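Asker: take a look and give me a structure for this.
(chains A and B)
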2 protein chains.
Amino acid sequence: MEVSLQEEDTIVAPATAPGIAAISVVRLSGREVFAIAQRLFSVKNLSDKPSHTLHYGTIHSKGKVLDEVVLGLFKSPHSYTGEDIVEISCHGSPLVTAQIVAAAIEEGARLAKPGEFTRRAFINGKLDLTQAEAVADLIASQSEAARKTAMSHLRGGVSQKLKELREQLIKFSALIELELDFSQEDVAFADRAQLYAIVDAATIEVGNLADSFQLGNAVKDGVDVAIIGKPNAGKSTLLNALLNEERAIVSDIAGTTRDTIEEILQINGVLFRLVDTAGIREHAEGTIEEKGIERSLQKMKNADMVIYLFDVRENGEEVLAETDRLTRQNIQFIPVGNKMDLLPAGQINENLSMIRDAAFISAKEQTHLQELKQRIYDRVISGDISTEDTLITNTRHVEVLRKILQSLRDIRDGMDRGIPGDLLALDIRHCLHYIGEITGEVSNKEVLDYVFSKFCIGK
Amino acid sequence: MEVSLQEEDTIVAPATAPGIAAISVVRLSGREVFAIAQRLFSVKNLSDKPSHTLHYGTIHSKGKVLDEVVLGLFKSPHSYTGEDIVEISCHGSPLVTAQIVAAAIEEGARLAKPGEFTRRAFINGKLDLTQAEAVADLIASQSEAARKTAMSHLRGGVSQKLKELREQLIKFSALIELELDFSQEDVAFADRAQLYAIVDAATIEVGNLADSFQLGNAVKDGVDVAIIGKPNAGKSTLLNALLNEERAIVSDIAGTTRDTIEEILQINGVLFRLVDTAGIREHAEGTIEEKGIERSLQKMKNADMVIYLFDVRENGEEVLAETDRLTRQNIQFIPVGNKMDLLPAGQINENLSMIRDAAFISAKEQTHLQELKQRIYDRVISGDISTEDTLITNTRHVEVLRKILQSLRDIRDGMDRGIPGDLLALDIRHCLHYIGEITGEVSNKEVLDYVFSKFCIGK
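Answerer: The predicted structure is shown next:
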C-alpha cells in the first residue's frame, strides 16, 4: 500500500465538464478544506455544520464577490475520498469556475493531479483498485453495455469473483503453514485433494474472466466495423438504414450530440462504430475494382470487423474470389448480399449460394436488417460469455489474470510432483500476490501512477 | 406578472456542461420532485429529510442500477426556483447523465425548456427580471469585467438604481391622486418644484445608465480589434507580443482551453479579440498594396476598432493617406508606428510625426506595448463612465431606459405647460410602467419568452 505525505495537502479542481452551463462544481478535499473554504465563504462556522449539508452564500476573494454559490459539506470519513470534502456549486461560467479554483489555491489548496481524488479514495480504503478503475470506465462509458459493466465493477464485481478464491487459498495456506510447524510429526492438515479442487475450479473461473476480455474490451471501447464493397453495392444506403432507427432513439436522449452518434450503432447495448468507405469509393470509381477494394481494406485494416457488401444480381465468381481473399487475409468479415428487392424471389445464382455464412438483405427496403445486426453482434460475442457476466475490460486486469492462471498451474504442477509444503506455500503466496495486485491490496507507486494517470483532473 | 399552470409540472435537465468529467449534475424542480426522486433513489423517506441535506445512494430505473449518486435536497421556498428542488450528482458520463434524465422523465418529470428554472425563480419572486438576465450574462462572462458587471446586476445593481426613482414617483403620484380626490377644493398636495427636482435628477441618472450601454456592451461581449497594415509591418509580431504575456497568465487558470484564448486579450478586465489579417496578407502579396489594405478593411468591417500598423522607416505620405482614408470612412482606429528599434533615435520623418494620436512601438522589442494597450482600452472607455459604475449591458434594458427618458421628458413638458393633475398622473404612470418593465414587475409572455429563450437548458 502506498504511504505518502501527499494526502496531507488540500487539493482543488473543477469536478464538472468545462463549458457554459447552469452550474459548475469545484471540489476540494483534504485536511484544510474547512479552513480554506471558510476564508472564501460568507457563511460562518463552516466546520461546526453537520456533514452532508448544503449552504447558500457568496464566495469572495481579495475583497470582491466572485459568485453566489451553494456549498456542500462532507466530513471525513463520510466522503468520496474519505477526507473532508467541500463541493462548491457555482454559476456555470468557465471564468467563474477558474476564479474559484484560483481563489482556493490562493488560500492554500493545490490543483489536484489527474485522478487524485479517486487515488485518495483508494488509499483511504473507500474503493479497491478495480473499483477505482471502474470510476474512470463509467465516466467514459458510451454504451449501455459499457456503463453496465463499469457499474458492475464499481460495485465490486471483479473483486468479488476473486474474493472467494483468495479466502480459500489463504485458508489452505494457513493449514500448510501449520503442517510446517509440525513438520517433525509428518502430519498433513491440508488435504491435497481439496487443494486440487480449489485450484481446478479457480482455473476455470479465472480462465473465463481472462477470456471475457475480448468481449469486455469490445463492450468498453466499442467495435469498429468497416463497410466495404464495390461502388453501387449500397454501402451508404446500408449505413443509413442501420443508423436511421438508432438515430431516432438516441437523439431523443438529452445531452447526446449528433456528432458523436452519427456513425454509432448500439446492438444489444454494445457500441459499434460503422465506417462507410464512401469516401474511398470516389477514388475507386473508374479504376480496376479489385484495387479499389484493396485500398478500402488498407484503409480499414484498423477495423475490428468488415461487412463485405455485394449486389446479389452480380455474377458470384468475383464475390467468391473476394471472400476467399478476405479469409486468406484473416479478416473478420460478414458477406452481405444486398438488393434482394431487385431479384426475382429465390433467384440467387449458384456461386452466391456457395458463400459461407452470407446474409441477404435489402438495405433500401430495410429487410433482414435485424438479422444482420444480430449477426454483427454474434461475431463479437463468441462463446458462452454474455454481457450479463462479469467482463474484464482492462488490459492491466487481463495481464494479472494470466499471471494468476500461471501460478495456479504452478501449484498444480507442484502437487503433481509432490513438492514439500514450504514450496507449495510459496506458490500459493505467489498466486495470492497476483490476486492482490488486481484489487490493489498489493500495489506500488508505478501501478497507481499508471492507473490514475488515465483519469481526468477533478476525479 | 405571468400566471401559468406550467409550474405545476416537475422539470428536469442536466445542469452541468456536457462532456466527460468527474461529476455531472441533473436538476429537478417542481411539485412532484420528491415523489419522482423517491421512485428513482434508494434512500427511503426523502420527503421527510430536512432541506439542504445531501444523501448518498443509488439511482435505479427499470430494475437496474444506473449509478451511485449524491442527492441534494432543497425544499420550497428555500431553493433557486422557490420550488422543491432535487440535484442529483452522478458520475460525469454523458450517457449516465442522459439515462438519469430519461429515468426522471419516465417517472413523470418533463425536460425543462431553456431558462425554465430561472423563469420559475422569477415567477416565484426569487429574482427580478434584471437579476434573471444577469444569471445568463454571468454564465457567459468571458472577462473579469463582464463577470463583475453581471455579478453586480445579479446582486440587484440595476434595479437598485431604479428603485429610488420608482419610490419617489409612486409617492408623488399618490399625492397627485389625492389632489384629484379633493379636486373641488383646488389644493396642491404635490409640490411641483419637488417633482421637477425628482425628474431632473432622474433624467441625469437614467441618461447615464443609457449612456453606459456602449461600454457595458463592450464589457459584456468584448471588442473586436482588427490589426491591419502592409505586409511586413509586423502584424503577427504585434499580435503575438500583445497576446504572449496574456497567454501565460490565462493558461495558468484551469479549465480555460487554448482555443478560446488564443486571440483574446484582457485590458483592465475588458476582453478584446485581436484579429490578425495575416491570412489576408497572403493574398495581398504581389498585388497592389492599396487593394490589399482595402480588402483587409472589407473583411474587418465588422471589427469595433482597427489598429493600423505601419513601419516607421516608411515615407510617411502613404501612411498619411491611409489614415485620412480611415478617418473619412469613419473607422475607429489607432495608427501605430512599429519597428522603432530599427530607427535611429528620434528620427521619425516629418510626415509620420504629423499623424494625429499615433503610437510608436517596437513589437519585436516589446516596447511601449503597455501604453498601446491603455490606448486601445481608452478608445472604448470614453467619457467618465468606468467599469466601477453600474453598466447597462442589455439591449432590452437600454431600449426601455430610452422610453423612461422620453416619459421623464413628457412629465417635464407637461409641468411646463401646466397640464392638469390627472394627465400628469398618467405621464407618471407611463414612466412607472417602463421602470417596471425593466425589473419585470410589468411583464408579458412575449418579454419573458424573449428573455429566457437566450438561456441554456438546465438554467
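Asker: got the contact list for residue A:129?
Answerer: A:122, A:438-440, A:443, A:447, A:451 (Cβ atoms under 8 Å, 6 or more residues apart in numbering or on different chains). For the C-beta atoms, the positions are set from N, CA and C on the backbone; glycine is no exception.
Asker: mind running it again at 10 Å?
Answerer: A:122, A:158-159, A:394, A:396-397, A:436-443, A:447-448, A:451-452 (Cβ atoms under 10 Å, 6 or more residues apart in numbering or on different chains).
Asker: domain parsing of chain A, as residue ranges.
Answerer: A:6-128, A:135-212+A:391-440, A:227-380 (automatic domain parsing).
Asker: that older thread, tell me the buried residues within the contacts of residue A:129.
Answerer: Buried residues within the contacts of residue A:129, counting neighbours by 16 or more other Cβ atoms under 10 Å in any protein chain shown: A:122, A:158-159, A:394, A:396-397, A:436-440, A:442-443, A:447-448, A:451-452.
Asker: residue boundaries of the strands in chain A?
Answerer: For chain A, the strands defined by DSSP state E cover A:11-14, A:21-29, A:53-61, A:64-74, A:85-92, A:110-111, A:223-229, A:264-267, A:270-276, A:305-311, A:333-338, A:359-360.
Asker: looking at the ones you listed, which is closest to residue B:321?
Answerer: strand A:64-74 (47.5 Å; Cβ to Cβ).
Asker: indicate whether that closest one makes contact with chain B.
Answerer: Yes. Using Cβ under 10 Å from any Cβ of the partner chain, strand A:64-74 reaches chain B at A:64-68, A:70, A:72-74.
Asker: and which of these is nearest residue B:94?
Answerer: Using Cβ to Cβ, the residues of strand A:64-74 next to chain B come closest to residue B:94 at residue A:72, 22.5 Å.
Asker: next step: the buried ones among the contacts of residue A:129 restricted to helices.
Answerer: A:122, A:158-159, A:396-397, A:436-439, A:447-448, A:451-452 (DSSP state H).
Asker: tell me where the stretch 251-400 of chain A has helices.
Answerer: A:258-261, A:278-284, A:289-299, A:316-328, A:350-353, A:369-380, A:395-416 (DSSP state H, counting those that start in this stretch).
Asker: swap that for the stretch 101-250 of chain A, please
Answerer: A:116-123, A:129-140, A:144-154, A:157-181, A:192-211, A:213-221, A:235-250.
Asker: in TSV, list the ones you listed along with mean pLDDT.
Answerer: Listed next are the helices of the stretch 101-250 of chain A as TSV, based on pLDDT from 0 to 100:
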stretch	mean pLDDT
helix A:116-123	94
helix A:129-140	91
helix A:144-154	89
helix A:157-181	85
helix A:192-211	90
helix A:213-221	86
helix A:235-250	67
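Asker: return the residues in contact with the closest residue to residue A:409 other than its chain neighbours.
Answerer: Computed as Cβ to Cβ, 6 or more residues apart in numbering or on different chains, the closest residue to residue A:409 that is not its neighbour in sequence is residue A:203, at 7.5 Å. By Cβ under 10 Å, 6+ apart, the contact set of residue A:203 is A:165, A:404-405, A:408-409, A:411-412.
Asker: what subset of those is buried?
Answerer: A:165, A:404-405, A:408, A:411-412.
Asker: ok, these vs chain B, which is closest?
Answerer: residue A:165 (25.2 Å; Cβ to the nearest Cβ).
Asker: at the geometric centre of chain A, which residue sits there?
Answerer: Geometric centre of chain A, nearest residue: residue A:220, 3.8 Å, by Cα atoms, centre = their mean.
Asker: what's the lowest-pLDDT member of the buried ones among the contacts of residue A:203?
Answerer: Among the buried ones among the contacts of residue A:203, residue A:165 carries the weakest pLDDT, at 87.
Asker: that one and residue A:73: what is the separation?
Answerer: 41 Å (Cβ to Cβ, to the nearest Å).
Asker: what's the answer for residue A:404, then?
Answerer: 42 Å.
Asker: same check on residue A:96?
Answerer: 21 Å.
Asker: check contacts around residue A:336.
Answerer: Contacts of residue A:336 by Cβ under 10 Å, 6+ apart are A:227, A:229, A:233-234, A:238, A:307-310, A:312, A:355, A:358-361, A:363, A:368, A:372, A:375-376.
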